[in-house]
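Q: sequence and predicted structure, then a few things I'm wondering about:
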Amino acid sequence: KEKLQSIKEEAIRQIEASDVPEKLNEVRVKFLGKKGELTAVLKAMKDVAPEERPKVGQMVNETRAAIEKLLEETKQNMERKIREERLKQEVIDVTLPSKKNMVGHSHPNTIAQEEVERIFIGMGYEVVEGPEIEYDLYNFEKLNIPADHPAKDEQDTFYINKDIVLRTQTSPVQARIMEEGKLPIRMISPGRVFRSDEVDATHSPSFHQIEGLVVDKKISFSDLKGTLEVFAKELFGPETKTKFRPHHFPFTEPSAEMDVTCFKCGGKGCRFCKGSGWIEILGCGMVHPHVFEMCGIDPEEYTGFAFGVGLERIALLKYEIDDMRLLYENDIRFLKQF
Ligand SMILES: Cc1ccc(OCc2nc(C(=O)N[C@H]3CCS(=O)(=O)C3)cs2)cc1
């Protein structure tokens, strides 16, 4: 009896001294296992008087049950405490700032091109693209640019051979569409163009342009002005004013350059518009009759207007970027601002 009592007390002491479930297993093996202390008592049963055995056996079972009960309770408590501790560790503070996930950025040119395309697509224009390597025929001749025209010489144009050039404007795309003869035409042609110019803050040998062309019956200069005025207001804001200054291009007659009121100072004059209050945006004009004839369209039956705008120029103006080369250096610190 005393032996069982001391086993029970020792087991309780060891259970209470355990700090992890593994320790409880050791206690279980030590006292209740095959080689455990309680089993040893049962093995010593042969030394007990036969009439005492049932009593001793019952006491052993009671001791075993008591130890098992305490082991189980202690294990439950231990596991609950471990679980609570983990939950405390793993709490998520939803008020913490989220980590900034890196998203892609559009290039200023892309933003400018998509903005200009959106405006003209909204007016029912088609977006048409064409080859960057072009025949002299489409890049110059069909645009009424005669063989001896200064635009044709080496210092402005990259020649592949005497008949093939890197296109200097996207006009050849329009000429090709006009040649197809499906009228009326309302199109814009965005794309890369090449000039063997000096490279400086406002010139690059390769830049982007969007040209537009409208061909229909009774198209007038006021259609041109009205269309480009809407374009200017869409691009630079509803209070923008436009001004058309007479100009000359071989492929349009009459020709003009369009200025818009400076969107920085509203036309009063500032550093941005060099004090004039106006900023030149694009060139335009009525399609020259010779161009119609060379594309097989009767200039007596059809008229049209065309315009051309430099995309980098729009991007530089809109984002007040003072050096075009920043657009091509792929400096991520510059590009991620847009
Ligand atoms: C068949 C056809 C007939 C006429 C055409 O006229 C396209 C035009 N372009 C301009 C013009 O000023 N372009 C420049 C603006 C800045 S830039 O990017 O350097 C090129 C005026 S009219 C085009 C095609």
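A: It's in.
Q: which positions in the chain make contact with the ligand?
A: 143, 169, 171, 174-175, 178, 209, 211, 213, 249, 251-252, 282-285, 287, 291, 306-310 (CB under 6 Å from any ligand atom). From N, CA and C alone the C-beta is placed, and that goes for glycine too.
Q: go through the residues you listed and flag which are in helices.
A: Among the residues of the chain next to the ligand, the ones falling in helices (DSSP state H) are Ser171, Gln174, Ala175, Met178, Val291.
Q: count of residues packed around the residue nearest to the fourth one when sequence neighbours are not counted?
A: Nearest residue to Met178, sequence neighbours excluded (CB to CB, 6 or more residues apart in numbering): Cys295, at 3.8 Å. Residues near Cys295, counting by other CB atoms under 10 Å, number 20.
Q: how about the strands of the protein, start to end?
A: 126-127, 133-135, 159-161, 164-166, 185-194, 206-216, 242-249, 252-261, 278-287, 303-310 (DSSP state E).
Q: how about these in CSV, adding mean neighbour count and distance to Phe236?
A: Converted to CSV, those look like this (neighbours: other CB atoms under 10 Å; distance: least, CB to CB, whole Å):
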stretch, mean neighbour count, distance to Phe236
strand 126-127, 14, 21
strand 133-135, 18, 32
strand 159-161, 11, 37
strand 164-166, 18, 31
strand 185-194, 21, 18
strand 206-216, 21, 15
strand 242-249, 15, 10
strand 252-261, 20, 6
strand 278-287, 21, 8
strand 303-310, 23, 12
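Q: turn those strands into CSV, columns for mean pLDDT and distance to Glu37.
A: Output for the strands of the chain, formatted as CSV (pLDDT from 0 to 100; distance: least, CB to CB, whole Å):
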stretch, mean pLDDT, distance to Glu37
strand 126-127, 98, 91
strand 133-135, 97, 96
strand 159-161, 95, 100
strand 164-166, 96, 97
strand 185-194, 97, 91
strand 206-216, 96, 90
strand 242-249, 97, 103
strand 252-261, 98, 99
strand 278-287, 97, 99
strand 303-310, 98, 96
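Q: remind me, longest helix of this protein?
A: The chain, longest helix under DSSP H: helix 53-89.
Q: point me to the residue of the stretch 1-150 of the chain nearest the ligand.
A: Taking CB to the nearest ligand atom, the ligand has its nearest neighbour within the stretch 1-150 of the chain at Leu143, 5.9 Å off.
Q: run a quick neighbour tally on that residue.
A: By the criterion of other CB under 10 Å, Leu143 has 27 neighbours.
Q: identify the residues contacting it.
A: By CB atoms under 8 Å, 6 or more residues apart in numbering, the contact list for Leu143 reads Ser171, Pro172, Ala175, Pro250, Phe251, Val291.
Q: tell me the two of those residues that are most distant?
A: Farthest-apart pair in the contacts of Leu143 is Pro172 and Pro250; separation 13.9 Å (CB to CB).
Q: the more surrounded of these two?
A: Counted by other CB under 10 Å, Pro172 and Pro250 do not tie: Pro172 has more neighbours, with 27 against 16.
Q: can I assume the more buried one is in contact with Asn139?
A: Yes. With contacts defined as CB atoms under 8 Å, Pro172 counts as touching Asn139 at a distance of 5.0 Å.
Q: confidence score at Lys264?
A: Looking at Lys264, its pLDDT is 87.
Q: please name the nearest non-neighbouring residue to it.
A: With CB to CB, 6+ apart, the residue lying closest to Lys264 is Phe272, at 4.2 Å.
Q: my read is that the one you found contacts Glu320, right?
A: Yes. Contact criterion CB under 8 Å: Phe272 and Glu320 qualify, at 7.2 Å.
Q: and the two? Which one has more around it.
A: When Phe272 and Glu320 are compared for neighbours, Phe272 comes out ahead with 13 against 8, by other CB under 10 Å.
Q: from Pro108, how far out is the nearest residue to His105 once chain neighbours are set aside?
A: Leaving aside its sequence neighbours, His105 sits nearest to Lys336 (CB to CB, 6+ apart; 5.3 Å). To Pro108, Lys336 is 12 Å away according to CB to CB, to the nearest Å.
Q: beta partners of the closest residue to the ligand within the stretch 201-338 of the chain?
A: Here the stretch 201-338 of the chain gets closest to the ligand at one residue, Gly283, 1.9 Å apart by CB to the nearest ligand atom. When bridges are called by DSSP bridges, Gly283 pairs up with Glu257, Gly308.
Q: helices and strands of the chain: which one bottoms out on pLDDT?
A: Every helix and strand of the chain was ranked by mean pLDDT, DSSP states H and E. The lowest is helix 37-43, at a mean of 82.
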